[in-house]
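1. Give me a model of this one.
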Amino acid sequence: MRRAAHWGLVCCLTLEWLALGLWVGGMAVLIGAVIPAVFNTFGGQDSGGLFLTRAFEGYQRFVMVAAVVLSAGVCYRWWTGEPAVAVSRWELIVVGVMIVIAGVIMLALHPKAAALQAQAFAAQGDAKKAALESFFRVLMPIRVLYSVTLALGVLLMGIKAAWSLRSDGVSA
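-> Model prediction:
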């Protein structure tokens with residue numbers, strides 16, 4: 001392998017791991033630290049909920065960049081044809097499913113949830129209770145899908161680690 005091609009692949013793999021780390025690590029931090037801190041710190045459900053909505057919107061921007069980097073990295077590795085960094089079918093499937101799920105969340109479910117949240121916070125009395133119930137019904141599939149992408153991200157890390165070991169001559 002040419003020296004320039006070698007360093008291109010090193011940069012490619014580094015950026016892929018960084019993107020995957022942001023995707024998985026960002027979700028782990030949101031679930032494990034931010035959500036509990038918000039609900040144990042903020043005075044009311046409205047302010048805490050609004051903060052979390054903004055936090056997840058920021059996370060979604062990171063996920064969009066990570067999706068582009070992962071896609072570009074997979075395409076570049078496939079394009080080089082280098083056996084040491086070959087793209088497996090499982091890697092393609094997992095990355096594809098992660099990106100599709102993220103797209104569903106960002107383009108369909110999150111905007112609907114944000115609109116329902118705004119309605120719930122603006123309503124009073126029984127209307128507020130009904131609006132919050134609608135909001136939480138939409139929020140449940142979002143939580144499940146975020147958990148699925150977290151699990152898929154960890155699975156992708158395992159696939160990449162196993163491939164690394166295999167290409168280094170260690171049986172995986």
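2. CA only for contacts and neighbour counts going forward, please
-> OK.
3. I figured I159 hits E91, correct?
-> Yes - at 6.8 Å, I159 and E91 qualify as touching, with contact defined as CA atoms under 8 Å.
4. For the two, indicate the residue with more neighbours.
-> Legend: neighbour count by other CA atoms under 10 Å for I159 and E91, higher for E91 (19 against 16).
5. mind checking pLDDT for that one?
-> E91 carries a pLDDT score of 95 in this model.
6. immediately after whichever strand or helix holds it, which helix or strand?
-> Assigned by DSSP states H and E, E91 falls within helix 89-104. Counting by DSSP H and E, the next helix or strand C-terminal to helix 89-104 is helix 110-122.
7. If you count contacts, what does that following helix end up packed against?
-> The criterion is 3 or more CA pairs under 8 Å, 6 or more residues apart in numbering; DSSP states H and E, and the helices and strands that helix 110-122 contacts are helix 125-167.
8. distance of V63 from G25?
-> 11 Å (CA to CA, to the nearest Å).
9. Among these two, which residue is more densely surrounded?
-> Using other CA under 10 Å as the criterion, V63 and G25 rank with V63 on top: 24 against 16.
10. How about that one, nearest residue that isn't a chain neighbour?
-> W23 (5.7 Å; CA to CA, 6 or more residues apart in numbering).
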